[in-house]
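*Asks:* okay, predicted coordinates and the sequence, questions at the end:
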Protein chains: 2
Amino acid sequence: MNNNQTAAFPRIIIIGGGFGGIQLAKKLNKQEVEVLMVDRHNYHTFQPLLYQVATGGLEPDSIAFPLRKVFRSQKNLNFRVADVLRIEPEENKIITDIGDYSYDYLVIATGSETNFFGQKEIEHFAMPMKTVPEALNLRSLILQNLEEALIEEDAERKKALMTFVVVGGGPTGVETAGALAELRNHVLISDYPELDIKSLRIFLIEGGSRVLEPFSEEASAKAKQFLEDMGVVVYDKTRVNFYDGQKITYNDTETIDTKGVIWSAGVKGAIIPGMDKAEIVRGGRIKTNTYNRIVGYDNIFAIGDLAYMETKDYPHGHPGVAQVAIQQGKQLGENLLRIINNEKAKDFDYYDKGSMATVGRNKAVVDLKYWKFQGFFAWLTWMFVHLLFLVGFRNKAVTLMNWIINYFSYDRGTRVIIRKFNRELMKEEAIAK
Amino acid sequence: MNNNQTAAFPRIIIIGGGFGGIQLAKKLNKQEVEVLMVDRHNYHTFQPLLYQVATGGLEPDSIAFPLRKVFRSQKNLNFRVADVLRIEPEENKIITDIGDYSYDYLVIATGSETNFFGQKEIEHFAMPMKTVPEALNLRSLILQNLEEALIEEDAERKKALMTFVVVGGGPTGVETAGALAELRNHVLISDYPELDIKSLRIFLIEGGSRVLEPFSEEASAKAKQFLEDMGVVVYDKTRVNFYDGQKITYNDTETIDTKGVIWSAGVKGAIIPGMDKAEIVRGGRIKTNTYNRIVGYDNIFAIGDLAYMETKDYPHGHPGVAQVAIQQGKQLGENLLRIINNEKAKDFDYYDKGSMATVGRNKAVVDLKYWKFQGFFAWLTWMFVHLLFLVGFRNKAVTLMNWIINYFSYDRGTRVIIRKFNRELMKEEAIAK
């Protein structure tokens, strides 16, 4: 395929191979369209399990699936690893680091990125966890902190190395804090007999009134109880002001000495420059109509985390979860075919399948529409659903095997520092990718 | 444990957690000695399978095993992640990047590192494969070359991107060339329908008279035939002179355009500075007596790839293979206890269990003392033995599962570029680690 070949069929470019992009592309299989998918990685990232990579429970390759493999039998799709630098809507083309590509229809499915709310110091010193390299950096940092603590003679510094603060009490924050507690309680205690590992402290700080705020109050309360049972100190209604790499400041005057801050306090839409007419709303999302067409444009669409769509049931937009992306991707696939055939597009109607988060072994919370439950059965449900949505048989098999081994051995077998994390040298690069 | 605490028991420092170091340390379990193991990584690397990580067949975490876990029940051993900068034999101490440590007995089990024979250009541009990060860099390079070839319009450059040259026909070179051929024949052909993947060329260049030179002539001939059947071009009696990142020169005047050179042409002992009295022989190995004591020193020992020991059966030293390291490690453990108890140390006598190498599915060669065989049964034997020596149940389980899935699907599921390889920025770092 040449870059700007005259296409026999309309050309649809999809930017991003996440949950939404994949579902959309699959809907276009065997249809009379030419599809180009562009992603900056050659793999799909299963973001819900990144925290397990960061805490040594899973291999990175288990949650990364080669995008070429997803589409190997889809004849009308080509794939490129590229960074999209800019969109030129007037020219109907995208500018990437490997060349320009023309489109008839463009779908932006770039998802969200970590939001540091403009706080440069926090961005520099705190660890985000939205990509596989970031999760690996965090894994290295956690283990390096403990190795350093072992030889640190200054008591204050030793304490800071053994203190981890997770900022943000959404599912990612809750799951990360829980996984850290399990790592401490079951693994590190025998790995580091020279350390008083019980003095390893884990804090979870949430700005809102409760952890898992979008969940039911029942789920929030139970999740908090689970965390506290496992030894996590949970602060809610607490705002983080500053972090300088040594000391985190909250509620204006309080501080905790820590060399490990994990930032899961917010995301923003991963916007690509060039769409000047688009309306950017709170959280860096792009306003779309009720079938994901970006307001201000005819042939540009946004789905998933990036899209801000007001509907009757969701007057302030949809939650930034995989299910929204999946359902919007599927429906936009059908709608694009309707639009190409001059038929009327159907409005999006989100079907909320429920929410779930896991805190530790046998400890999870599940909110379904008519049924809320917590504990062992919720934990089994969580595992089943995550295996189901994990892409690829190999990844499912390896993940399940790791979970079974971890469950019975109380172990986290992948606590290896493959590449040392160097705060000065690597952070910028990690953020950039 | 303080750095220079007066020990109740003699203190033995082991530098390196490879095959030899681990076996040695285990022999000292529950004995009246204090053991300190130092390694620059927090994991043991199963080097024989690095090539499978590089070619997308295995996760890195499958062949890396946390050293703290190996020794979690060994009460008389402490472990440190550290780079040993220098040995001070007069002071009986080692100088590391995290401090100094005193010893009564020192064992250097640092193994070997890639030998570029002083050729700086080759060192800069060719890919070594002795560590997990290096194998991951190579995996990224292979995949990036193909992604680049896809968009390259210059035919010459495209050809260079699709040409891989493996230098060195020992087991690593043969296995890597074979794995590349399988990747091409079974995986890339469907991953890159836009490329004429059959024009992807793989060369194996060997300076000696045949590949697998230390093996039987029967094994060498069969390995070469296997490789050629799979489409690898094998050049023996061919010396590589130069590589500038674009063009590899061999036999003084011949050249191949290639953007992917894998260097498995030689290793040298990973020597630590400071032992001025030690005798360094060919291949950067340190001369030891017949029970691994370094000639010139009383209480410093070397085992494995680093040690050069002449015996009646091995007048020119032992081969640089895992079995030598394992057997020397075990025996030195026993000998150290004898030496501490003023008993006479026993001479090392290597028991050669045989050699094996795998070329592809159902294609391997095995040389035992009285039995040489090739093909499917050799391949099964190779897998069984490698699983046996892979450290840890989780690693064995995940590796076996990957092999089963790869076998039946003809797939290599981990062909993901987790971190892009940047020749300019990352090479030095990769070599340094």
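*Replies:* Nice, thanks for sending it over.

*Asks:* residue numbers of the stretch 101-250 of chain A in contact with chain B?
*Replies:* Residues of the stretch 101-250 of chain A found near chain B (Cβ under 8 Å from any Cβ of the partner chain) are A:132, A:133, A:136, A:143, A:147, A:150, A:151, A:190, A:191, A:192, A:193, A:194. The way it works is simple: take the backbone N, C-alpha and C, and place the C-beta from them, glycine included.

*Asks:* apply 10 Å and report the result again.
*Replies:* A:131-133, A:135-136, A:140, A:143-144, A:146-148, A:150-153, A:187-194 (Cβ under 10 Å from any Cβ of the partner chain).

*Asks:* what residues does the regular element (helix or strand) spanning residue A:385 touch?
*Replies:* Under the criterion of DSSP states H and E, residue A:385 resides in helix A:376-389. Residues outside helix A:376-389 that contact it (Cβ atoms under 10 Å, 6 or more residues apart in numbering or on different chains) are A:19, A:46, A:48-49, A:52, A:63, A:175, A:219, A:222, A:322-323, A:326, A:353-354, A:356-368, A:372-373, A:395-397, A:399-400, A:403, A:407.

*Asks:* switch the cut-off to 7 Å
*Replies:* Contact with helix A:376-389 is made by A:48-49, A:322, A:356, A:358, A:362-366, A:396, A:399-400, A:403, as judged by Cβ atoms under 7 Å, 6 or more residues apart in numbering or on different chains.

*Asks:* ok, and for that helix, which residues are buried?
*Replies:* Applying a neighbour-count criterion of 16 or more other Cβ atoms under 10 Å in any protein chain shown, one finds A:378, A:379, A:381, A:382, A:383, A:386 buried in helix A:376-389.

*Asks:* average pLDDT across it?
*Replies:* Here helix A:376-389 scores 95 as its mean pLDDT.

*Asks:* next secondary structure after it?
*Replies:* Scanning forward in sequence from helix A:376-389 by DSSP H and E, the next helix or strand is helix A:393-409.

*Asks:* how far off helix B:393-409 does that next one point, in degrees?
*Replies:* Per axes from the mean of the first three to the mean of the last three Cα atoms, to 10 degrees, the angle that helix A:393-409 makes with helix B:393-409 is 160 degrees.

*Asks:* what is the mean pLDDT for helix A:393-409?
*Replies:* Mean predicted lDDT for helix A:393-409 stands at 93.

*Asks:* that helix near chain B at all?
*Replies:* Yes: in terms of Cβ under 7 Å from any Cβ of the partner chain, part of helix A:393-409 sits within range of chain B, namely A:394, A:397, A:398, A:401, A:405.

*Asks:* packing partners of the helix or strand containing residue A:323?
*Replies:* When elements are assigned from DSSP H and E, residue A:323 belongs to helix A:322-340. When contacts are defined as 3 or more Cβ pairs under 7 Å, 6 or more residues apart in numbering or on different chains; DSSP states H and E, helix A:322-340 packs onto helix A:19-27.

*Asks:* so what's the gap between the helix it packs on and the chain middle?
*Replies:* 17 Å (Cα atoms, centre = their mean, to the nearest Å).

*Asks:* hmm, who's touching that helix?
*Replies:* Identification of contacts with helix A:19-27 by Cβ under 7 Å, 6+ apart yields A:14, A:35, A:37, A:44, A:70-71, A:77, A:107, A:109, A:303-304, A:322, A:325-326, A:328-330, A:332-334.

*Asks:* what's the angle from it to helix A:376-389?
*Replies:* Here the directions of helix A:19-27 and helix A:376-389 differ by 50 degrees (the same axes, to 10 degrees).

*Asks:* wait, isn't residue A:87 in contact with residue A:275?
*Replies:* Yes: using Cβ atoms under 7 Å, residue A:87 is in contact with residue A:275, at 5.7 Å.

*Asks:* what about those two, which has more around it?
*Replies:* Between residue A:87 and residue A:275, counting by other Cβ atoms under 10 Å in any protein chain shown, residue A:87 is the more crowded of the two (25 against 21).

*Asks:* cool, thanks, signing off.
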